[in-house]
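K.L.:
sequence below, structure please.
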Amino acid sequence: SARCEGKVAVAVLDTGCNITHQDLKARIVKSQAYDAVTQRRMTDYYNDWMGSGSAECGIIAAQANNGVGIAGISYNADLVPVNIFDYSVYGQPSSQYTTSAILLAAYDHLYDAQKAGVNVRVAQLGLANLRYRAETEDFLLQQKIIEAKDEHGIVTVAGSGDGDNYESSNMTVYPSDFDEVVSVVPLFDQSTYNDPICYGDKKNICAPGKDISSVDASSNNAYRKYSGSKYAASLVAGSLALLFAVNDDLTCDEATEMLYSTVTDLGDPGFDQFYGWGRLNVGAAVEKAIESNPDYINLADAKVSVEEKVTYTGSPTTPKVKVTYNGRELQEGVHYAVRYANNVNAGTAQAIVSGIGCAASAQSTDYEIAKASAPNLTLEDFSKIYDGQAVEVSPSVDADAQNTTFEYKYPDGSYQEKIPRMTQAGTYILEA
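P.N.:
Numbers count the residues shown, from 1 in each chain. Below you'll find the predicted structure:
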């Protein structure tokens, strides 16, 4: 498995973000959340009017394992949200307007974030429906995207477009149709593209784009589903972050080639204008990225052991696991995660280690849970004059015998959970 865990940041250049949402606030790099229109930092009071920026952030990196909402595909990449729309031009939030100058300023801010120590490697441009005629192609924006890729190691991802006037079209769509941008076609299901879409020979890859769950910017604990090419692009952006997380030395071209070479082919064999190279297969791409890392570790070849003695307590046992690879002891949480099976009752239990970071594969080892020592039983001595009635005693058991069942020896030699009734005069020995 691969996890970003803050090692890689994804910039989302769209409508900004609700940076106080319960599933985003831990992932937002607040010092770098930016409004490229006003050229100011976003505050806790920033209003993501349209909500698409927040939704893309959630698909990419909603906090994993926090017990609420959803988990983003990147497993906790950091997020740098940037607003690129000037709502003052038309006076209403539903009218999105931007300029080349705003977009260039957004990219310049990403360079500043890198200088501040934020490892920005992916930028999603939320301009899936921004259309130009070919003769008005934005040369300055294209050059900035090339600069980001070649000089700053930032790969740009964008949706392929969602048709023209509700009909599929092979019209030119920028910025996704720039050669340097990963252009993502949305899928309606596992093998069928959404209709309408924009298609053509500049589309690179396809990913799910129908009813994708993410955060809703309208409140700090709201969620909803989204459809369209920009949300499919978010899945690809988060996947690229995972590739850089397991091998930060990858170039943008190497990372995108890993995505394209590991797809599940759809449509015509090989590349086609509706599906690009095929459907995103993030698992296969991550495996390829891991194997490209010179520090790659295959846990299938590691030695896994549990060396401490384990005794039954009535609760799940979680002994420390030792994992060594080529004579080097690996670290839990850095190279592997551990889970346990059959780890309560006395007998054979399993510890299963799964690779994370630059480690791949999984391996398990058995360990023994020994029976607990017999707890101390305290039986009160007492004497009683026989009156023909049965006598019952209640032994007390010390606290270290939790979840343990006691059986008592009967005169016939058998053991039963119920204490034997004493009905005759004489001396009794109660054995448990």
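K.L.:
what helix or strand is the residue nearest the centre of the chain on?
P.N.:
Residue closest to the average C-alpha location in the chain (C-alpha atoms, centre = their mean): Tyr75, at 2.5 Å. Following DSSP states H and E, there is no helix or strand that holds Tyr75.
K.L.:
can you map out the helices along the chain?
P.N.:
Counting by DSSP state H, the chain has helices at residues 52-61, 100-115, 139-152, 229-246, 252-261, 282-292.
K.L.:
buried set for the fifth one?
P.N.:
Burial within helix 252-261, assessed by neighbour count using 16 or more other C-beta atoms under 10 Å, is assigned to Cys252, Ala255, Thr256, Met258, Leu259, Tyr260. (Glycine included, C-beta is placed from N, CA and C.)
K.L.:
likewise for the second one?
P.N.:
Judged by neighbour count using 16+ other C-beta under 10 Å, the buried positions of helix 100-115 are Ile102, Leu103, Leu104, Ala105, Ala106, Tyr107, His109, Leu110, Ala113, Gln114.
K.L.:
go through those residues and name the one nearest Asn221.
P.N.:
Ala113 (27.8 Å; C-beta to C-beta).
K.L.:
ok, the residue lying closest to the closest one once chain neighbours are set aside - contacts?
P.N.:
Leaving out its chain neighbours, the residue that sits closest to Ala113 by C-beta to C-beta, 6 or more residues apart in numbering is Gln32, at 4.4 Å. Going by C-beta atoms under 8 Å, 6 or more residues apart in numbering, Gln32 touches Arg41, Val80, His109, Asp112, Ala113, Ala116, Val118.
K.L.:
can I get those in TSV including distance to Ala359 and pLDDT?
P.N.:
Shown next, in TSV, are the contacts of Gln32 (distance: C-beta to C-beta, whole Å; pLDDT from 0 to 100):
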residue	distance to Ala359	pLDDT
Arg41	37	93
Val80	28	98
His109	34	98
Asp112	34	97
Ala113	29	97
Ala116	30	97
Val118	25	97
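K.L.:
make CSV from these and add distance to Ser54 to it.
P.N.:
Below are those laid out as CSV (distance: C-beta to C-beta, whole Å):
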residue, distance to Ser54
Arg41, 17
Val80, 14
His109, 18
Asp112, 22
Ala113, 19
Ala116, 23
Val118, 19
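K.L.:
possible to save the helices of the chain as CSV with distance to Ala2?
P.N.:
Compiled in CSV, those are given as follows (distance: least, C-beta to C-beta, whole Å):
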stretch, distance to Ala2
helix 52-61, 13
helix 100-115, 22
helix 139-152, 22
helix 229-246, 5
helix 252-261, 12
helix 282-292, 5
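K.L.:
which of those sits closest to Tyr46?
P.N.:
Proximity to Tyr46 (C-beta to C-beta) singles out helix 52-61 among the helices of the chain, at 10.0 Å.
K.L.:
and the closest one with helix 229-246, angle?
P.N.:
40 degrees (axes from the mean of the first three to the mean of the last three C-alpha atoms, to 10 degrees).
K.L.:
quick one: mean pLDDT over helix 52-61.
P.N.:
Averaged over helix 52-61, pLDDT sits at 97.
K.L.:
that one packs against which elements?
P.N.:
Packed against helix 52-61 by the contact rule (3 or more C-beta pairs under 8 Å, 6 or more residues apart in numbering; DSSP states H and E) you find strand 9-14, strand 78-83, strand 212-216, strand 222-226, helix 229-246.
K.L.:
what residues does the first one touch?
P.N.:
Okay, so that is strand 9-14. By C-beta under 8 Å, 6+ apart, the list of residues contacting strand 9-14 reads 29, 36, 52-53, 56-57, 60-61, 74, 77-85, 103, 106, 110, 113, 118-126, 154, 230, 234, 237-238, 241.
K.L.:
skipping adjacent residues, who's closest to the residue nearest to the centre of the chain in space?
P.N.:
Arg3 (4.1 Å).
K.L.:
contacts only, for the one you found.
P.N.:
Here Arg3 is in contact with Tyr75, Asn76, Leu242, Ala245, Ile356, Gly357 (criterion: C-beta under 8 Å, 6+ apart).
K.L.:
how close does it get to Tyr336?
P.N.:
Distance of Arg3 to Tyr336, computed by C-beta to C-beta, to the nearest Å: 11 Å.
K.L.:
now the strands for the stretch 251-400 of the chain?
P.N.:
In the stretch 251-400 of the chain, the segments counted as strands under DSSP state E, counting those that start in this stretch are 297-298, 303-305, 310-311, 322-325, 328-329, 336-341, 347-355, 359-360, 362-370, 377-378, 396-397.
K.L.:
chain center to the second one, what's the gap?
P.N.:
Taking C-alpha atoms, centre = their mean, to the nearest Å, one finds strand 303-305 lying 27 Å from the centre of the chain it belongs to.
K.L.:
return the member of the buried residues of helix 100-115 nearest to Ser214.
P.N.:
The closest of the buried residues of helix 100-115, once distances to Ser214 are taken by C-beta to C-beta, is Ala106, at 21.4 Å.
K.L.:
for Ala158, see how far away the nearest residue to the closest one once chain neighbours are set aside is.
P.N.:
In this structure, Ala106 finds its nearest non-sequential neighbour in Ala36, 4.1 Å apart by C-beta to C-beta, 6+ apart. Per C-beta to C-beta, Ala36 is found 16 Å from Ala158.
K.L.:
neighbour count: these two, which is higher?
P.N.:
Ala158 (29 against 24; other C-beta atoms under 10 Å).
K.L.:
coming back round to it: now list whatever residues contact both of Arg3 and Tyr336.
P.N.:
Common neighbours of Arg3 and Tyr336, counting by C-beta under 8 Å, 6+ apart, are Ile356.
K.L.:
what residues does stretch 184-195 touch?
P.N.:
Residues outside stretch 184-195 that contact it (C-beta under 8 Å, 6+ apart) are 157-160, 162-163, 168, 176, 197, 199, 203-210, 227-229, 231-233, 235-236, 266, 274-276, 279.
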